[in-house]
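**Q** What would the 3D arrangement of this be:
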Amino acid sequence: MKAKCPACLLNRIYQECMLVTDDEELINRIIQTSMNMILQEFRKREINAIASTKVHRIVYQMLGSDDPYRILKERANEESLKVLPFVEKLIRKGDRFKNAVKASIIGNSFDYGVLDHNVNDSNFKNYFQKEFMKKLVIDNTEEIEHLSKGRVVYLADNAGEIIFDRLLVQEIKRRGGFVSFVVRAKPVLSDATVEDARIAGIDIIADEILTNGEGAIGIIEEELPEITRERMDQADVIISKGMANYECLSEGRYRNIAFLLKAKCEPVARDIGVNVGDMVAMLR
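**A** Numbers count the residues shown, from 1 in each chain. Have a look, this model is predicted:
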């Protein structure tokens, strides 16, 4: 956790409360409980995504809601599906694999609640067009494409974004890759679940859909089902979408991780060595 992380996490929790309730007394109790937990995790220098998972599990219990972002996730999927035919045409122009990587990274902007980041879901087609014209600031797509011909574990991130992940999975399959597609086991934040994978049609394209076990924000290794852990251990490449997966895996033991993300916050951007808003396809 960096200095800005507690403020971002607390802001997200407040927004979640507002999605579910107008009970000011309940919101005050949730914020107080969250602040106490965040302080403990900050003192331990816990990985931000893991600390956030611990706090959100308590927040959801206090709110009495297992999916505060449900309506926002539905809207994100709907908006992405509307522009999908347009994006498919763009991908066919030029380097299909690199274009699909870029499309999946643009989809990573569907991340509700990040401090100083706005989700442009009201006019996403225009936003997509502008972003697609930009270059990947870190571009290891050739190496990622080569590794994707083997065993691929694809760690999904957000709803909405998962619609464009489908396009990249299609390109991987075109190259002969075996794709194990991993989603959250339970609703958490705006992250994609098995239901979102089915809405996106991933279940038809990928070889299998797996989960991260307990619905953590990111990957908590001790919570992974045995099959998911085995696939990650055996993978020729792990495609890791988004900042939470980056936070959990960037200093871990796995080899050949392709981090595909939009750097939406200053701590993650600084850690990678890019600016906020930059798009990254980085192989480590």
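**Q** What ranges in the chain fall below the confidence cut-off?
**A** Residues of the chain that meet the criterion pLDDT under 70 lie in 112-121.
**Q** What are the boundaries of the strands in the stretch 101-250 of the chain?
**A** Taking DSSP state E, counting those that start in this stretch, the strands of the stretch 101-250 of the chain run over residues 138-139, 151-155, 178-183, 208-211, 237-241.
**Q** So which of those strands is nearest Glu145?
**A** Comparing these against Glu145 with C-beta to C-beta, the closest turns out to be strand 237-241 (9.6 Å). Glycine gets a C-beta too; all of them are placed from N, C-alpha and C.
**Q** The closest one pairs with which strands, and in what direction?
**A** As defined by DSSP bridges, the strand partners of strand 237-241 come to strand 151-155 (parallel), strand 257-262 (parallel).
**Q** Dump these into a markdown table; add distance to Val137 as well.
**A** Shown next, in a markdown table, are these (distance: least, C-beta to C-beta, whole Å):
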| stretch | distance to Val137 |
| --- | --- |
| strand 151-155 | 21 |
| strand 257-262 | 10 |
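**Q** Generate CSV for those, with mean neighbour count and distance to Arg45 as supplementary columns.
**A** Formatted as CSV, the strands paired with strand 237-241 follow (neighbours: other C-beta atoms under 10 Å; distance: least, C-beta to C-beta, whole Å):
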stretch, mean neighbour count, distance to Arg45
strand 151-155, 25, 24
strand 257-262, 26, 21
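**Q** Look up which helix or strand the closest residue in space to Ala263 that isn't next to it in sequence falls in, please.
**A** Residue nearest to Ala263 in three dimensions, not counting chain neighbours: Ala269, with 3.8 Å by C-beta to C-beta, 6 or more residues apart in numbering. With secondary structure defined by DSSP states H and E, Ala269 is part of helix 266-272.
**Q** Check which helices and strands that helix is in contact with.
**A** Secondary-structure packing of helix 266-272 (3 or more C-beta pairs under 8 Å, 6 or more residues apart in numbering; DSSP states H and E): helix 242-249.
**Q** counting contacts, what elements does the helix it packs on pack onto?
**A** helix 48-63, strand 237-241, strand 257-262, helix 266-272.
**Q** Restrict it to CA atoms and write it as CSV.
**A** Extracted in CSV, the C-alpha atoms of helix 242-249 (Å, rounded to 0.1, in the frame of the first residue of the first chain):
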residue,chain,number,x,y,z
GLY,A,242,-5.9,-4.7,-14.6
MET,A,243,-4.3,-3.1,-11.7
ALA,A,244,-5.4,-5.5,-8.9
ASN,A,245,-3.9,-8.5,-10.6
TYR,A,246,-0.8,-6.5,-11.2
GLU,A,247,-0.5,-5.6,-7.5
CYS,A,248,-0.8,-9.3,-6.5
LEU,A,249,1.4,-10.8,-9.2
